[in-house]
Structures are given as C-alpha cells and as structure tokens.
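Asks: return a 3D structure for these sequence lines:
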Amino acid sequence: MAYEITTTIDTDKCTGCGRCAVVCPYNSIEILDGKAVVTGKLSMHCGHCVAACAHGAVSVGDLIYPEPETIEDNKPARTLFSIIQSRRSCRSYRKNPVNEQQLLDLIKFGQWAPSGTNSQKWGFTIVPDRKSVLGFAKIIADFYHKTNKMAENPFLRLFSRLFLNDTLGIYYRRYYKQIKSGLKEWENDKKDILFHGATAAIVISVDNSASCANADAIHAAQNIVLGAHAMKLGTCLIGFAVKAMQKDKTILSRMNIPENHKVYSVIAIGHPGLRFPAVSGRKVVETAYFKL
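Replies: Numbering: from 1, shown residues only. I've put the predicted structure just below:
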C-alpha cells in the first residue's frame, strides 16, 4: 500500500550514514550533501527508516512508539513484546547460507501454531539454498512474464472485463508496470527484486479440507518469522510468489507440493545484511469494547 509521505529528517541528528535510504521500500529518501533528504512522494509508513537510524533522526508522522515497560509487569510478556516489536521485514541478505537445522527448527515453530479444529493440515516446503531460491524465483518470473503478456492484449482485457470480473484489467492497472520494471531488473541487471538475495525460503500450504486454512497458515507464518527473528535471521513475506502459486497450479507439482493444497505464505529467509538498531512505531489502533 502506498500513502502520502509523512517522513521527516532532523538534520541536526542526521550523520548521513545512508541506512534509512537503503531500507526504504519506495526509495523515497536520498543522501544529498551528506544528509538524508526526503525526496519521494509515497511511503508505506512501515517505519523501516526509523528503525534503521541509530541516532533518532528520522520520524514518520502517524506512528506511535510503545515501550516494553508499558506491558503488564510480567517479564516473559515483555520479552515476547520486544521480539515482536523489533522484528522487521528484511530486504537485504548476506551470502552465507542458513543451515539445515535452523530451517528444521523454524518448521517446529510453525508446527506448534494453533489451527482450526486442531486439524494441523499444514504443508511446509523448504527451499534450502541460494541456488534453489533462484530457481524458485525463475518459476515465479516465468508466471509473471506470461501474465504481463496477456495483460498487454486489449482484447483479452476486454474479455476479462465482460466475463471474468475484470481480473486482467485490474491486474493491468495496478501491477503491470511494477511487474514489468521488476522483470527488467531481474533479467538485465540480475537484481533479485523478489527474494532480495535470501539464501533460503519456506513455503506454507494447507490442505483444502482444513476448516480454517487461511488462518492456520497465518498463525504458522507468524510463528516462523518471530522464531527466525529470535534466531537472528531475517525474513520477508513474498506475496507475489503466493499469488503466482495460487493462480498456476502447475507450480505446485514443480515444487513437490500436494495438488490438494493451497499456498498461503512464502517466507524469504537469510542472514540480514543490515541490522535495525532501533524500533519503529505503529499507527494508532482503534479499540472497541462490547460489554454487558
């Protein structure tokens, strides 16, 4: 989601290190004359820039910053909140691999998540190394090549509008340019815009017979990303890969995923190329009560 930018830089505190510019998903910050400057117009309001700054020079207008001490006086709860609060999506990884035992341990985190009617009908597919991640990325890129080619055809978009709830037209308006640019970077510049250089991944699928498949997968994914953070690994949820695997069932067989499963989450995993010395904030949440 893109929002109007509310990021501000305190130039007195800014050292020009450039960390905020590196982590901004929308490239809305640049280093000019030795200082960070907001040059973009759009923001995710994710607060990566805030968390990346060790000097407190960056702020995002609508975020609040609760401290662990505001949590009930309970040490385990405060520790868990600190883990949750400090986890960030990682889009820069070092080249060293994630060892197999760590990946298997992450599956255990997912396996102990709650599931509807205790069905536990997950499937976890490990993509164990960088070579395999790149192969996975190529499969996803091929899907979007085909989809973009169809979206370029005005007759197919018209057919989609008349008979398929305009699914292809919606894709064309929302994603076509972004995907085209990303594929160009992938092919011409060898830039991994999908997995960001991650050296492993975990795919979470759920048997179609599960009573709450989507929720089951979400719980498992949350356990895995928090477990990875506690293990000092970085993670990022790759929604474009999920969408491709939901649309093209042939990808499942190529990934050794049962045909009666649906993919709900793809998690990039690796050793972070950049640590976040601070924590970010969150938007104010509206809390309601129902009380008799």
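
Asks: next, name the residue at the spatial heart of the protein.
Replies: In the chain, the residue lying closest to the centroid (C-alpha atoms, centre = their mean) is L237, at 3.0 Å.

Asks: contacting residues around it?
Replies: The contact partners of L237, by C-beta atoms under 8 Å, 6 or more residues apart in numbering, come to 89, 221, 225, 265-268. For glycine as for every other residue, the C-beta is placed from the backbone atoms N, C-alpha and C.

Asks: what about those, which are in helices?
Replies: 221, 225 (DSSP state H).

Asks: okay, who's weakest in the contacts of L237 by pLDDT?
Replies: Of all those, S89 carries the smallest pLDDT score, 95.

Asks: ok, and the closest non-adjacent residue to that residue?
Replies: Of all residues beyond its chain neighbours, the one nearest S89 is C236 (4.6 Å), with distances taken as C-beta to C-beta, 6 or more residues apart in numbering.

Asks: can you check T15 too?
Replies: T15 sits nearest to H55 (C-beta to C-beta, 6+ apart), 5.9 Å away.

Asks: what about the residue nearest to S89, neighbour count?
Replies: When neighbours are defined as other C-beta atoms under 10 Å, C236 has 22 of them.

Asks: just say helix, strand or coil for it.
Replies: Judged by DSSP: H, G, I helix; E, B strand; the rest coil, the three-state class of C236 is strand.

Asks: is it bridged to anything, and to what?
Replies: A268 (DSSP bridges).

Asks: quick one: it and T8, what's the gap?
Replies: 26 Å (C-beta to C-beta, to the nearest Å).

Asks: what of I64?
Replies: 15 Å.

Asks: who has more neighbours, those two?
Replies: T8 (12 against 9).

Asks: verify the contact between the more buried one and D62 for me.
Replies: No - between T8 and D62 there is no contact under C-beta atoms under 8 Å: 11.7 Å.

Asks: tell me which element L158 falls in.
Replies: helix 154-163 (DSSP states H and E).

Asks: which positions within that helix qualify as buried?
Replies: By 16 or more other C-beta atoms under 10 Å, the buried positions in helix 154-163 come out as 156-157, 160.

Asks: try stretch 44-56
Replies: Under 16+ other C-beta under 10 Å, the buried positions of stretch 44-56 are 44-53.

Asks: would you verify that the residue nearest to T15 is located in a helix?
Replies: No - assessed with three-state DSSP, H55 is coil; it does not lie in a helix.

Asks: what's the burial count for the residue lying closest to N214 once chain neighbours are set aside?
Replies: Of all residues not flanking N214 in the chain, Y264 sits nearest, at 6.0 Å (C-beta to C-beta, 6+ apart). Counted with other C-beta under 10 Å, residues neighbouring Y264 total 21.

Asks: contacting residues for Y264?
Replies: 204-206, 213-214, 217-218, 221, 242 are the contacts of Y264 under C-beta under 8 Å, 6+ apart.

Asks: got it, and P25?
Replies: 44, 46, 48, 91.

Asks: now this structure, which segments are flagged as low pLDDT?
Replies: Scanning the chain for pLDDT under 70 picks out 66-70.
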